[in-house]
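1. Structure for the following, please:
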Amino acid sequence: MGESAEWTRVDDGRQALDLLTASYHRHQFARHSHATYAIGVVTCGEEQFRYRGVLRRAGVGTLAILEPDEPHDGMAARPEGWAYRVLYPSESLLFDGRTERAIFREPVVTDPRSVHLVRSAHEELTAGVDPLAAQSKLAWALEAVVQRHGALRPAPGAPKPGDAAAGRKVAEIRDRLLADLRCAPSLRELAAGVELSPYHMLRVFREATGFPPHAWLVLERVCHARHLLASGRTPAEVAGAVGFADQAHLTRWFKRVTGVTPAAFRNSVQDAMRRPA
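-> Down below sits the predicted model:
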């Protein structure tokens with residue numbers, strides 16, 4: 001199985017949706033998270049990934065459902081690698097029209113019906129031939145995922161003492177990191193800004209986000225790079241704009257997180273946008 005990956009961005013009629021079609025042999029994803037859900041079907045081979053502290057395996061016939069902001073990695077579970085198709089719906093798209101939200105306790109499930117619906121929707125969306133049919137299949141697929149595998153979120157309990165204060169400090173740290181992606185503050189500056197020791201600040205931030213500040217910032221840089229590349233900016237332009245040292249630095253991290261190079265991502269998204277409606 002060779003290495004290949006293609007990102008596509010489509011408009012499902014309500015909002016933009018990212019899709020990934022890929023096959024990997026030796027590629028290993030760095031530990032990262034997504035701002036959206038990730039719903040994927042393995043079409044060949046088997047993948048393994050560490051998620052919520054447990055090593056999971058997803059093979060042909062399984063459906064993988066990852067929630068937003070949940071750290072995970074990804075690599076081949078067998079020497080022959082794996083191939084898959086992944087949808088990345090936002091929360092508003094996945095729960096369209098619902099007042100209640102669901103959680104997905106099992107990240108890997110065996111469900112032929114949901115696998116068929118997700119794969120069919122993905123194929124129709126990437127083909128770009130019949131937008132109405134593709135949007136209908138996507139709606140059916142997402143409905144099946146929520147109905148068959150989601151569980152209503154439990155009512156929130158009473159907040160623990162200090163939770164609100166810690167949350168405000170984490171938000172302040174995030175804002176400081178995002179204020180200028182090109183120039184990260186020092187660890188001591190971040191800690192002083194929220195009146196914590198560097199060690200205490202690191203622990204609070206990691207407990208809230210799953211990452212230390214420097215790793216979280218790299219992922220945010222990759223996220224911003226994706227938006228700029230999708231708009232048509234070149235990798236060389238984007239690297240400096242989001243704070244990477246150079247194009248090679250951007251390429252290294254972008255591929256570790258997304259599975260493709262910045263140039264390949266830009267070209268695939270631009271090609272999809274140029275397709276006639």
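2. For the helix or strand in which residue 269 is found, buried residues please.
-> Per DSSP states H and E: residue 269 is located in helix 262-274. Residues of helix 262-274 classed as buried: 262, 264-266, 268-269, 272 (neighbour count, 16 or more other CB atoms under 10 Å). Just so you know, the C-beta spots here come from the backbone N, C-alpha and C atoms, and that holds for glycine as well.
3. now swap in stretch 120-138 and tell me
-> 120-122, 124-126, 134-135, 137-138.
4. could those residues be laid out in a markdown table, adding pLDDT and distance to residue 31?
-> Output for the buried residues of stretch 120-138, formatted as a markdown table (pLDDT from 0 to 100; distance: CB to CB, whole Å):
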| residue | pLDDT | distance to residue 31 |
| --- | --- | --- |
| 120 | 97 | 31 |
| 121 | 95 | 28 |
| 122 | 96 | 25 |
| 124 | 93 | 32 |
| 125 | 92 | 28 |
| 126 | 92 | 27 |
| 134 | 89 | 32 |
| 135 | 88 | 33 |
| 137 | 92 | 32 |
| 138 | 93 | 29 |
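5. Would you map the helices across the protein?
-> Using DSSP state H, the helices of the chain run over 91-94, 112-127, 131-149, 163-178, 187-193, 198-209, 213-230, 235-242, 247-258, 262-274.
6. Reformat those helices as a markdown table; add distance to residue 35.
-> As requested, the helices of the chain are exported to a markdown table (distance: least, CB to CB, whole Å):
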| stretch | distance to residue 35 |
| --- | --- |
| helix 91-94 | 9 |
| helix 112-127 | 19 |
| helix 131-149 | 17 |
| helix 163-178 | 13 |
| helix 187-193 | 22 |
| helix 198-209 | 12 |
| helix 213-230 | 7 |
| helix 235-242 | 15 |
| helix 247-258 | 12 |
| helix 262-274 | 16 |
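7. weakest of those in terms of mean pLDDT?
-> Among the helices of the chain, helix 262-274 has the lowest mean pLDDT, at a mean of 85.
8. Only C-alpha atoms, please: export that one in PDB.
-> Once non-C-alpha atoms are left out, helix 262-274 reads as follows in PDB (Å, rounded to 0.1, in the frame of the first residue of the first chain):
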ATOM      1  CA  PRO A 262       1.000  22.000   2.800                       C
ATOM      2  CA  ALA A 263       1.400  22.200  -1.000                       C
ATOM      3  CA  ALA A 264      -0.700  19.000  -1.500                       C
ATOM      4  CA  PHE A 265      -3.400  20.300   0.900                       C
ATOM      5  CA  ARG A 266      -3.500  23.700  -0.900                       C
ATOM      6  CA  ASN A 267      -3.700  22.100  -4.300                       C
ATOM      7  CA  SER A 268      -6.400  19.500  -3.400                       C
ATOM      8  CA  VAL A 269      -8.600  22.100  -1.700                       C
ATOM      9  CA  GLN A 270      -8.200  24.600  -4.600                       C
ATOM     10  CA  ASP A 271      -9.000  22.000  -7.200                       C
ATOM     11  CA  ALA A 272     -12.100  21.000  -5.300                       C
ATOM     12  CA  MET A 273     -13.200  24.700  -5.200                       C
ATOM     13  CA  ARG A 274     -12.700  25.100  -8.900                       C
END
